[in-house]
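Asker: Need coordinates for the below:
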Amino acid sequence: MDLPENKGACCAMKRRRFHKWSAKSAGLFWLSLLLIPTVVFGQGEKEKRVPVTFRYTPGHSVQSVAVSGTFNDWAKDADPMFNSDSGGTWKTRLYLPYGTYEYRFLVNGKQWVRDPENPYYGGENSNSLLFLKNPLNPELHLTVPLPGVELRKFPITIRAVFRPGVSGTRCAAFKSYVILDEKYRLPLVVQDSLISLKLDTLSEGFHRFRIFAEDKGGRSARPVWSGFVMNRFNRAPMAGSGPTAIGFVGEAAPFNAGYSFDPDMDPLKSIFWKILQNDSTLATLLRQPFPGYSFGKSGKYRVELKMNDSFLESAVDTNEAFVFKHRDYFTKFMVPVLALHIPKDSLRTISLVGEFNDWKAGKIMLSNLDSTGFWETKINLPPGEYEYKFVINGKDWVPDPMNPRKIPDGWNGYNSLRTVQRPPLPNISWKGTVEDDSILLDASASYDPMGKPLKIAWIPDRLNPEKLVMPQSTRTKFAIPQKNGAYFVNLILSAGNRTASPQTILIKKRLNTVRVLNFQSPPAWGRDAVIYELYVRKFSKEGNLIGVKKNLKYLSKLGINTIWLMPIFESPTRHGYNPTNFRKVLAEYGTNADLLDLVKAAHKKNIRIMLDFIANHTSDQHPYFKTAYWNTHSMFRDWFIWHGRFAYDYYNDWDAFPNLNYKNPNVWHFMLKNALFWAKMEIDGYRCDVAWGVPHSFWKAFRRTLKSLNPDFLLLDEVLPRSPAYHKLQFDMSYDTDFYGNLLDVLNGKKPIFAIDEGFRKTVMNYPPGTLSLRYLENHDLKRFRKQFGAKRTRLAAVLLFTIPGTPLIYYGQEFGSTAQFPDLSRKDEFSPWFKFYRKLIKLRRKNRVFTQGELSKVQTDLPQKIYAYLRQDSRHQFLVVLNFDPAPQSATLLFEKGQLLVSNSEEGHWVRVMPKNSLTLPYKPSVKISLPGYGYAVFQLKKL
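Answerer: Okay, here's the model as predicted:
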């Protein structure tokens, strides 16, 4: 995730970061700012300036530091800092007029850092705030209520102390009021230096307020802020242990209390799990919300969960766990010292890195246990194909010298390639049909490749709206349930100690309609989608949702059928990726009603709407976070992750994006309710930002929650780099970072063309059947393709994008060949050659289902380093795509393998070129000659005679 238009912030590699702040040093720093004498440079009050010393201690070696802010118009080099005593602290002194300033430190000319010694922040990008108070101005000090407290009875008192400026009379505030919940302006009662308000009625839940005051001279004090929870009618927490648990011996049980919550948002103080086997009196007790318990043997278990807040205890929630036998198969990686060609006595460590551990050296270590000269390790890998390397002594990265299978790594070297296979598991094949007043689930086509007898188990979920009675046979027939809702059934097949991965069946009943679906499968429309990513602020002249609605005709003309709206929630930033309100449209974009109108209008034009959903973090200006930041006893303190008084957890340099604490069930409940809120407005899907930062267990609950409402809801993850782990009952679609990375490496000459095809093959091998891949040239985080590679290579890549499997993405402005990251599209040139080009590609894809449903088959050529050719086909239709990745014109021979041609000879058909459009035809035979210009392309269609 990038931060568009974010002055004072930038992105770095993914790693966890947190603020460090010293209460003592910061307190002295701010006291000195408030009390330091003024230096007068003129007669007018506005010309008085205050000397301010900025200090920054980076904690590591840096080349330069500057202070930049609103006082120097964010100039990068106007106010350099100096490490004069070489003690590691950089300093500079500025003379500034009274006022409030935003600032950051600029390290090495590129990294923007908030002041770690200053706890105050604000503004659009949450920069550090410097307050230089004019002594003549009054000031406010909040007394009650403190941020994040819980109030349980009336009246509620809001109170602050008003202090006049140094030359003001010792009188009370002349004008004061409070803004409650950003809706109500209420007058305050003035009594000497105190200003207060008593409330005798207020709804349950969270409330926030701001206090404003000024003296008789019209001088305003800096407003003060707080928020609290009204909880007169305290309710007990709701214990929820989730769906029926399906587990395997030796693996972590899928127990989590994430389905629990406190209705009043009270912190959950104690959590108690009790696990019993076969109703035994012997029990295992656990006290964590997510215990990570593993079963020692197979069988059926009873699970009990209860919890309490500060006042009340929940009822006991009783669950079941079905545990099956499972055998782990480990893959051995081994290397002899002699093959490394380094002196034996200089070898200290060898670690294994690869796609399976995000290429992190030092996590998987090899051992030389028997001193034979062979170093080895064993790891449990799912079946698939993996790239890997060895890291010698923590610094030298080398491919496996004993493995001849290698692939270019894009860094002038090679990765080793390993295919992991396991003994075949039982093959599950089932179908569901609705017959009159019953449902038939038929798994009789299932089999064991090793010929062993199968044991089948149909396990209805305990949270189903009503109980399903299912006979335990390969064909099970049961009555259609009476109650509407989503019903889940787990199908388990075992053969001895080999158990296939469970399959979950979703039965959705709504009125007289019953659907039987594979819960793992993505919605069918995702495969046919052409997604258009849209930045509302810049897309139309209105810059809001009404503007998007007015442009639906334009989008229909382009040919897209799905809109992805970048964040539309309330947020202090222009990009919106740090929400302050997850259930309210940003006022600049319109209202929630405007979004609903847009969705309805889009659906009438057969266009679906997806929203950007942020689950990993909030804004540091979210009211819940602000109460937790300023009060360690806030009810919301445990909603976030803390490393000290003001030190909170965040990723990269996203210091305005505090990470949520997903070990807190109240956070789960909050986010699931947010997701349902928009889904109930008939939104069609979510693109989940920073999905890699949120635990898998939450995403499983997320999927279940949304698919229960709408089985056709699409879930797209932003996981960089992509990972098959997020497709295990979590997401339907993922960013294909492999495709994008391979394409860039090919165009930059770092990898051969076959890397693109290898990426497609790995996707098929490593990901569950039916997995959808989002493929793209551009998005809001990336440089414009045309800016990187020019017009010719952009067209070449676009033809590739729209003719390969996967779901193509267009980032707004791409259809005009824009080189600006966030262009103004208030005026759209529909006669642009770029617009016509993309419109033609989209039409070609949507008109011919072989591009969305058909197979891809690579065609051999005599110029494999320059020409990439492939077929897209089904049993009746066939297209040939030929791409020249060389800047020079090329003539190549295409060599079709046996079985690739649908008709036997040229008398039955021929190739007709459909892009670029002209009358060119090619004979339909096993060997065909074709000429293409530099970076040229051609798309042919089989025309049968």
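
Asker: what about residue 757, which SS state?
Answerer: Put simply, residue 757 is helix when judged by DSSP: H, G, I helix; E, B strand; the rest coil.

Asker: ok, the nearest residue to it once chain neighbours are set aside - contacts?
Answerer: Closest residue to residue 757 apart from its sequence neighbours, by CB to CB, 6 or more residues apart in numbering: residue 858 at 5.4 Å. (Glycine included, C-beta is placed from N, CA and C.) Contacts for residue 858 (CB atoms under 8 Å, 6 or more residues apart in numbering) come out as 757, 869-870.

Asker: Residue 64 against residue 105, yeah?
Answerer: No: counting by CB atoms under 8 Å, residue 64 stays clear of residue 105, with 10.3 Å between them.

Asker: These two: who's more crowded?
Answerer: The residue with more neighbours, out of residue 64 and residue 105, is residue 105; 24 against 16, by other CB atoms under 10 Å.

Asker: ok, that one touching residue 117?
Answerer: No: applying CB under 8 Å as the test, residue 105 and residue 117 come out as separate, 10.5 Å apart.

Asker: quick one on the thing from earlier: filter the contacts of residue 858 down to just the buried residues.
Answerer: Listed as buried from those are 757, 869-870; burial here means 16 or more other CB atoms under 10 Å.

Asker: ok so residue 787 is a strand residue?
Answerer: No: counting by three-state DSSP, residue 787 is not found in a strand; it is helix.

Asker: quick one on the thing from earlier: which entry within the contacts of residue 858 corresponds to the minimum pLDDT?
Answerer: In terms of pLDDT, the lowest of those is residue 757, showing 95.

Asker: which residues in the stretch 601-750 of the chain form helices?
Answerer: Using DSSP state H, counting those that start in this stretch, the helices assigned to the stretch 601-750 of the chain run over residues 623-630, 665-679, 696-709, 737-747.

Asker: In TSV, list those helices along with distance to residue 767, mean pLDDT and mean neighbour count.
Answerer: Formatted as TSV, the helices of the stretch 601-750 of the chain follow (distance: least, CB to CB, whole Å; pLDDT from 0 to 100; neighbours: other CB atoms under 10 Å):
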stretch	distance to residue 767	mean pLDDT	mean neighbour count
helix 623-630	36	98	23
helix 665-679	24	98	20
helix 696-709	15	98	20
helix 737-747	11	97	21
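
Asker: Helices of the stretch 751-900 of the chain, start to end?
Answerer: Going by DSSP H, counting those that start in this stretch, the stretch 751-900 of the chain shows helices at 754-766, 785-803, 833-847, 850-853.

Asker: and of those, who's closest to residue 327?
Answerer: helix 754-766 (21.1 Å; CB to CB).

Asker: Let me have the contacts of residue 858 in TSV, adding distance to residue 847 as columns.
Answerer: Shown next, in TSV, are the contacts of residue 858 (distance: CB to CB, whole Å):
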residue	distance to residue 847
757	25
869	22
870	19
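
Asker: so how many other residues sit close to residue 544?
Answerer: Counted with other CB under 10 Å, residue 544 comes out at 23.

Asker: And the pLDDT for it?
Answerer: Confidence for residue 544, expressed as pLDDT, is 98.

Asker: and if you look at the one 5 residues further on?
Answerer: pLDDT recorded at residue 549 is 99.

Asker: Work out for me the element it sits within.
Answerer: Secondary structure assignment for residue 549, by DSSP states H and E: helix 545-550.
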